[in-house]
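Undergrad: fold the following.
(one chain, ligands or ions: 2)
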Amino acid sequence: MNMKTLLILPFLALILGSVALAEEPTDYRFPRQCTKTPAGYPVPLCGMPLTKTPVVIKMEGAALKKYPEHFIPEQENLAANEMRITAVGSGNPPVRRGQAATSWLVELGNGDKFIFDAGGGTVPALWSLRIPLGLLDKLFVTHLHLDHVGGIFNLWDSMGWARNTPLHIWGSSGSTPELGVAAFADHVQKAAYWHTRSKTGIIPSGGMKLTAHEFDAAQFSPANPRAVVYDENGVKIYAFPIDHLLVGAVGYRLEWEGLSMAFTGDSVPTRQEAIQSRGVDVFIHELFIDAETLSKKNNMPLQIAENVVNEHTPADMLGRVFSIAKPKLGVGTHFFINDYTIDEAFAGMASTYSGPVVIAQDLMVINVTPEQIVTRMARTDLLSWATPAPRSAGGKRPKLDPAPTQGRTPSWVVDTRILDKK
Ligand SMILES: [Zn+2]
Ligand SMILES: [Zn+2]
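TA: Ligands and ions are numbered 1, 2, ... in the order given. Below you'll find the model as predicted:
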C-alpha cells in the first residue's frame, strides 16, 4: 500500500461512516453482518442477542445442555424441566417492520403455552414459530393499551380452522366495568360480528368466542399485594398491580417446577413491582428511550415526549428495579432498538446494576433450565405457512353451524358471478 492510499483511507472511512449515519433504509430480510456497536454489543437484527451475557450459569459445575446457534421452530424439544421464553414483539406503539409492539410467549416442558400481551404487529412472528394454534389459546394481558392488545384480532382470527375452541383472555377489572378485560373481550366480539357471522357455515364456529377471565383489581392492597390468577397443571401465575396510569394495569409472575419469570408490561418503576418479581429467573421489564431522542426521532414535541417518558422506565431506573428484584437475567423491552440507542441504554442500566441484562428484539429466545439461562435469536420463515390444525376427537371433522340466510350479498350482485361451467 503506497502513501497516497494510506492518506485517502481515513477520508474514505469518514465518507462511508457518514453514509451509515444517514440511516439508509435497511431491509432486515437481507442478512446483516454482525458488527459491534462502539460499546461492543452486537448490532440489532443481525441474528445475535443484544447482550454480553448470552449464557447465565445458575448452577456452577452442572452439566449444561448445548443449544444450536439459532432457535429453529419445530427442531427443538423442551426438556421436562425447561422453560422457553420468546420475545414475540419487543417494541413500541409506532409498530416497525423490524420491531412489532409487545408480546411474549412462555412455553413449558409440560406442553403448556402462555401468551403475555398481543400488541399490534406481533402475531406474524408468533405464527412463524409454527406452534399448532389450538395450543395458543391462553392470553394474559398486562393492560389494555393497544400496543399490548392491538393484535387481538389477528390472534383470534385462527378461529374455527386452526383453533376450534375459544381464545381465553386473562386480565384485570378496571375502576368501572367498562374499563375491565371482560368488557374489552365483549367489545372485541361485537366489533368482529360481521366477521364471525359471515364465516358461520363456512368454517367451524368453535373458535369464534373469546372467554374472559377477569380478576378483581380491588383485591390488591398493601396486605395483599399479589394474587394467584391461574393455578393449573403445576403452573401458578400471580398478578400484581403496577404503576401505569389507571387501575387495572398489572404485572405477572409465573412459577413452575422451580423455574420462574415475571413480566410487568409498562410501568413507572416501583418497589412493589420489583419486590413481586424478586428472585425470578427472567424478569422482563420495560425500558424506555430518553425524551430528547423520542422527540427528535419520533417527530413529537419535546413536551409530549416528556409526558410519555414520565410514565415509563429509563435505563438507570430499570437498573434500580433489577437491583431490588435481583433476577438471574434482566430483560429490557419496549425499547427502540437502533445501532445508536442501545449502548446508552446498557450504560444507563450498568450505572445502577451489575447483573446480566439483555435488550429484547423480536424473536429473541431464552431457554431456562435449573442449570442455566441461554439467550439466542430464532430463525423463522418470513413466508411460513399455516401451523398444523388440531386433530378433532375421533378424527371427525367439526360440524358446521348453519350459514346465515338473512343479509347476504344482494342477488343482483350474485347474479353477475363469472362462473366457468365448461
Ligand atoms: Zn401502556
Ligand atoms: Zn406499551
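
Undergrad: what's the helix or strand for the residue in the stretch 101-250 of the chain that ligand 2 sits nearest to?
TA: Ligand 2 sits closest to residue 147 of the stretch 101-250 of the chain, with a gap of 4.3 Å, by C-beta to the ion. In this view, the C-beta of every residue, glycine as well, is placed from N, C-alpha and C. Using DSSP states H and E, residue 147 maps to helix 146-149.

Undergrad: list the buried residues in the helix or strand just after that helix.
TA: Next along the chain after helix 146-149, taking DSSP H and E as the criterion, comes helix 152-156. Using 16 or more other C-beta atoms under 10 Å as the test for burial, helix 152-156 gives 152, 154, 155, 156.

Undergrad: what's near enough to touch the nearest residue to the third one once chain neighbours are set aside?
TA: Nearest-residue entry for residue 155: residue 118, 4.8 Å, with adjacent residues in sequence omitted and distances by C-beta to C-beta, 6 or more residues apart in numbering. For residue 118, the contacting residues are 103, 126, 139, 141, 148, 149, 150, 151, 152, 154, 155, taking C-beta atoms under 8 Å, 6 or more residues apart in numbering as the criterion.

Undergrad: residues contacting the closest residue to ligand 1 within the stretch 151-300 of the chain?
TA: Going by C-beta to the ion, ligand 1 is nearest to residue 266 of the stretch 151-300 of the chain, at 3.5 Å. Contact analysis of residue 266 by C-beta under 8 Å, 6+ apart lists 142, 143, 145, 148, 242, 244, 249, 286, 311, 312, 334.

Undergrad: against ligand 1, which of those residues make the cut? List them.
TA: residue 145 (C-beta under 5 Å from the ion).

Undergrad: what subset of the contacts of residue 266 is buried?
TA: Of the contacts of residue 266, these count as buried by 16+ other C-beta under 10 Å: 142, 143, 145, 148, 242, 244, 249, 286, 312, 334.

Undergrad: where does the residue of the stretch 151-300 of the chain closest to ligand 1 fall, phi/psi-wise?
TA: Backbone torsions of residue 266, given as degrees, to the nearest 10, read phi -110, psi 140.

Undergrad: repeat for the one 3 residues further on
TA: According to degrees, to the nearest 10, the main-chain angles of residue 269 amount to phi -60, psi 130.

Undergrad: with adjacent residues omitted, what lies nearest to residue 365?
TA: For residue 365, the spatially nearest residue (C-beta to C-beta, 6+ apart) is residue 71, at 4.2 Å.

Undergrad: do you know how far the spatially closest residue to residue 151 that is not a sequence neighbour is from ligand 1?
TA: The shortest distance from residue 151 to any non-neighbouring residue, by C-beta to C-beta, 6+ apart, is to residue 118 (4.1 Å). Remark: distance between residue 118 and ligand 1 (C-beta to the ion, to the nearest Å) = 14 Å.

Undergrad: so where do the helices sit in the stretch 1-150 of the chain?
TA: 3-21, 123-127, 146-149 (DSSP state H, counting those that start in this stretch).

Undergrad: same check, this time on the stretch 201-350 of the chain
TA: Under DSSP H, counting those that start in this stretch, the stretch 201-350 of the chain gives helices at 271-276, 291-297, 302-309, 315-325, 342-350.

Undergrad: distance to ligand 1 and mean neighbour count for these - can I get that in JSON lines?
TA: As requested, the helices of the stretch 201-350 of the chain are exported to JSON lines (distance: least, C-beta to the ion, whole Å; neighbours: other C-beta atoms under 10 Å):
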{"stretch": "helix 271-276", "distance to ligand 1": "14", "mean neighbour count": "19"}
{"stretch": "helix 291-297", "distance to ligand 1": "15", "mean neighbour count": "17"}
{"stretch": "helix 302-309", "distance to ligand 1": "10", "mean neighbour count": "15"}
{"stretch": "helix 315-325", "distance to ligand 1": "16", "mean neighbour count": "21"}
{"stretch": "helix 342-350", "distance to ligand 1": "19", "mean neighbour count": "20"}
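
Undergrad: looking at those, which is closest to residue 282?
TA: helix 315-325 (10.8 Å; C-beta to C-beta).

Undergrad: the inter-axis angle of that closest one versus helix 342-350?
TA: Here the directions of helix 315-325 and helix 342-350 differ by 40 degrees (axes from the mean of the first three to the mean of the last three C-alpha atoms, to 10 degrees).

Undergrad: CA atoms only for helix 315-325, dumped as PDB, please.
TA: Output of helix 315-325 as PDB, limited to C-alpha atoms (Å, rounded to 0.1, in the frame of the first residue of the first chain):
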ATOM      1  CA  ALA A 315     -32.400   2.800  31.800                       C
ATOM      2  CA  ASP A 316     -30.800   3.800  35.100                       C
ATOM      3  CA  MET A 317     -34.200   3.300  36.900                       C
ATOM      4  CA  LEU A 318     -34.500  -0.100  35.300                       C
ATOM      5  CA  GLY A 319     -31.100  -0.900  36.800                       C
ATOM      6  CA  ARG A 320     -32.500   0.100  40.200                       C
ATOM      7  CA  VAL A 321     -35.600  -2.100  39.700                       C
ATOM      8  CA  PHE A 322     -33.300  -5.000  38.900                       C
ATOM      9  CA  SER A 323     -31.100  -4.300  41.800                       C
ATOM     10  CA  ILE A 324     -34.100  -4.800  44.100                       C
ATOM     11  CA  ALA A 325     -35.600  -7.800  42.200                       C
END
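
Undergrad: quick one: contacts for the residue of the stretch 1-150 of the chain found nearest ligand 1?
TA: As assessed by C-beta to the ion, ligand 1 sits closest to residue 145 within the stretch 1-150 of the chain, at 3.5 Å. Neighbouring residues of residue 145 by C-beta under 8 Å, 6+ apart: 93, 266.
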